[in-house]
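1. got a sequence here, can you build the structure:
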Amino acid sequence: MQRPLSTLPLSPQIKVKVLNAGFQMLDDVMQVSALELSREAGLSQEEALEVLQAVRKEAGADGGGAAEDGASLTALDLLQNEEALNRIVTFSSRLDSALGGGFPVGKTTEICGAPGVGKTQLCLQLAVDVQVPPCFGGLGGQVVFIDTEGSFMVQRVVDLATAAVRHCTVLAEDAEQRDAAAAFTVENILSNIFLVRCHDYVELLAEIYLLPDFLSGHPKVRLLVIDSVAFPFRQHFDDVRTQRTRLLNGLAQQLIAMATKHDMAVVLSNQMTTRLQGGQSQLVPALGEIWGHAPTLRLLLRWAGSQRQATIFKSPDNEEATVSYQITMDGFRDDDRSEQPQRKRPRTLADESAD
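-> I've put the predicted structure just below:
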């Protein structure tokens, strides 16, 4: 792209280093990795990532293709697209029902919760479920699983995959389903999970930067999981929270763009933190209120006595609802002791009078 790098919204110090290294136009760095740019221009890895993110953003803005496509859409087109939206089931019928059929493809969903409540278990369950053959109501897709905490347990995935294979085998009725079930094996499920281990936020941002090229070569990927997005960003940012906010905003925009362009679900797990409000401390999702606007849908997993409960507390098209679930040997399932989803009833004039 024949546009000077000096026009990018970068600090003067970064611009000088990049220009002195011989990079003059956006085209000069389009095919350069963050590591190469860091070495050649004498930048830190964070600065190199900032340059590459700015280049990609400007390249997308100048392309014009997206704007032209967007201008041709009507509200009816958008409605039909929403109605045709693919979803990934969780094997918890109550949660799937509350979500309108499962986790939506083409959007970002955040799973929040305290340690041990089942966030990683749900992420692993989705990594298996996205591969269910289409004739059984699945997507037959692949998954990229980014592990930032070292919590990916392959033996647990084997348990979940075994249960999913058994489930499809029992359901098979016609020849198509029997053939699909025969090909839906634990080995194939494991081979369709592309695992990436990131140890800090720099590695995570670098992986997200490189991911579009990987997705272009793997069109069957229908799910991206980051477990967890909070862990890398809750370290080394005590005195530079503005930098963390800026990096998180850039990450959020990239994830939203990838979910839309590559027609895949993006699922992020998030930790909880304490916040003082009214003189009392309460548990809230980590990374702050600004980050809370990034995901399309937010799901809170929590303990209610001895029961686990999942609450939809942010969604543009689903009612607020709470369902109970359990973690079994087979995976994420309904809690047979629970009631139907508890939906929040809209207030009426009678309620106002009672107040």
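
2. mind listing the strands for the stretch 201-350 of the chain?
-> 221-227, 265-270, 272-277, 280-285, 297-304, 307-314, 321-328, 331-334, 342-343 (DSSP state E, counting those that start in this stretch).

3. ranking those by burial, who's on top?
-> Greatest average neighbour count among these goes to strand 265-270 (a mean of 27), per mean count of other C-beta atoms under 10 Å. Just so you know, the C-beta spots here come from the backbone N, C-alpha and C atoms, and that holds for glycine as well.

4. gap between residue 322 and residue 309?
-> 5 Å (C-beta to C-beta, to the nearest Å).

5. hang on, the earlier thing: now mean pLDDT and distance to residue 149 too, for the strands of the stretch 201-350 of the chain, in TSV please.
-> Output for the strands of the stretch 201-350 of the chain, formatted as TSV (pLDDT from 0 to 100; distance: least, C-beta to C-beta, whole Å):
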stretch	mean pLDDT	distance to residue 149
strand 221-227	97	7
strand 265-270	96	9
strand 272-277	82	14
strand 280-285	85	16
strand 297-304	95	16
strand 307-314	94	20
strand 321-328	95	18
strand 331-334	96	19
strand 342-343	53	31
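
6. distance to residue 161 for these - can I get that in a markdown table?
-> Shown next, in a markdown table, are these (distance: least, C-beta to C-beta, whole Å):
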| stretch | distance to residue 161 |
| --- | --- |
| strand 221-227 | 15 |
| strand 265-270 | 18 |
| strand 272-277 | 29 |
| strand 280-285 | 30 |
| strand 297-304 | 22 |
| strand 307-314 | 22 |
| strand 321-328 | 14 |
| strand 331-334 | 9 |
| strand 342-343 | 32 |
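
7. surely residue 58 is in contact with residue 4?
-> No - judged on C-beta atoms under 8 Å, residue 58 makes no contact with residue 4 at a distance of 10.8 Å.

8. which residues are common contacts for the two?
-> By C-beta atoms under 8 Å, 6 or more residues apart in numbering, residue 58 and residue 4 have these common neighbours: residue 26.

9. between those two, which one's more packed in?
-> Per other C-beta atoms under 10 Å, whichever of residue 58 and residue 4 has more neighbours is residue 58, with 17 against 11.

10. pull the longest helix from the protein.
-> Scanning the chain for the longest helix, with DSSP state H as the assignment, gives helix 241-261.

11. what residues does it touch?
-> With C-beta under 8 Å, 6+ apart as the criterion, helix 241-261 contacts 46, 50, 53, 57, 60, 105-108, 201, 204-205, 208-209, 211-212, 215, 224, 229, 233, 237, 264-266, 268, 287-288, 290-291, 294.

12. now the angle from it to strand 221-227?
-> 160 degrees (axes from the mean of the first three to the mean of the last three C-alpha atoms, to 10 degrees).

13. does residue 284 touch residue 275 like I think?
-> Yes - the pair formed by residue 284 and residue 275 meets the contact definition of C-beta under 8 Å, at 4.9 Å.

14. am I right that residue 146 is in contact with residue 226?
-> Yes - with contact defined as C-beta under 8 Å, residue 146 counts as touching residue 226 (4.6 Å).

15. quick one on the thing from earlier: nearest to residue 33, out of the strands of the stretch 201-350 of the chain?
-> strand 221-227 (20.2 Å; C-beta to C-beta).

16. where are the low-confidence patches of the stretch 1-150 of the chain?
-> Across the stretch 1-150 of the chain, the ranges flagged by pLDDT under 70 are 1-2, 60-73, 75-85.

17. repeat that for 90
-> 1-86, 137 (pLDDT under 90).

18. quick one on the thing from earlier: among the contacts of helix 241-261, name the ones in helices.
-> Reading helices off those with DSSP H, I get 46, 50, 53, 57, 60, 201, 204-205, 208-209, 211-212, 215, 233, 288, 290-291.

19. got a quick ChimeraX command for the buried subset of these?
-> Buried subset of the ones in helices among the contacts of helix 241-261, written as a ChimeraX selection, criterion 16 or more other C-beta atoms under 10 Å:
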select :50,53,57,201,204,205,208,209,211,215,233,291
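
20. got the domain boundaries for the protein?
-> 5-68, 88-349 (automatic domain parsing).

21. let me have those domains in JSON lines, extended by distance to residue 74.
-> Putting the domains of the chain into JSON lines (distance: least, C-beta to C-beta, whole Å) gives the following:
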{"stretch": "domain 5-68", "distance to residue 74": "14"}
{"stretch": "domain 88-349", "distance to residue 74": "18"}
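
22. right, so these: which one is the most enclosed?
-> domain 88-349 (a mean of 18).

23. off-centre distance for it?
-> From the chain centre to the centre of domain 88-349 is a distance of 7 Å (C-alpha atoms, centre = their mean, to the nearest Å).

24. ok, and what's touching stretch 280-287?
-> With C-beta under 8 Å, 6+ apart, stretch 280-287 has contacts from 110, 112, 114, 229-230, 233-234, 248, 270-275, 291-292, 298, 300.

25. hmm, 10 Å instead?
-> Applying C-beta atoms under 10 Å, 6 or more residues apart in numbering, the external contacts of stretch 280-287 come out as 110-114, 228-231, 233-234, 244-245, 248, 252, 268, 270-277, 291-292, 294-295, 298, 300, 302, 313-314.

26. do stretch 152-166 as well
-> Looking at what lies outside stretch 152-166 - C-beta under 10 Å, 6+ apart - the contacts are 91, 120-121, 123-129, 131-132, 136, 138, 145-147, 181-182, 184-190, 193, 195-197, 225, 227, 328-333.
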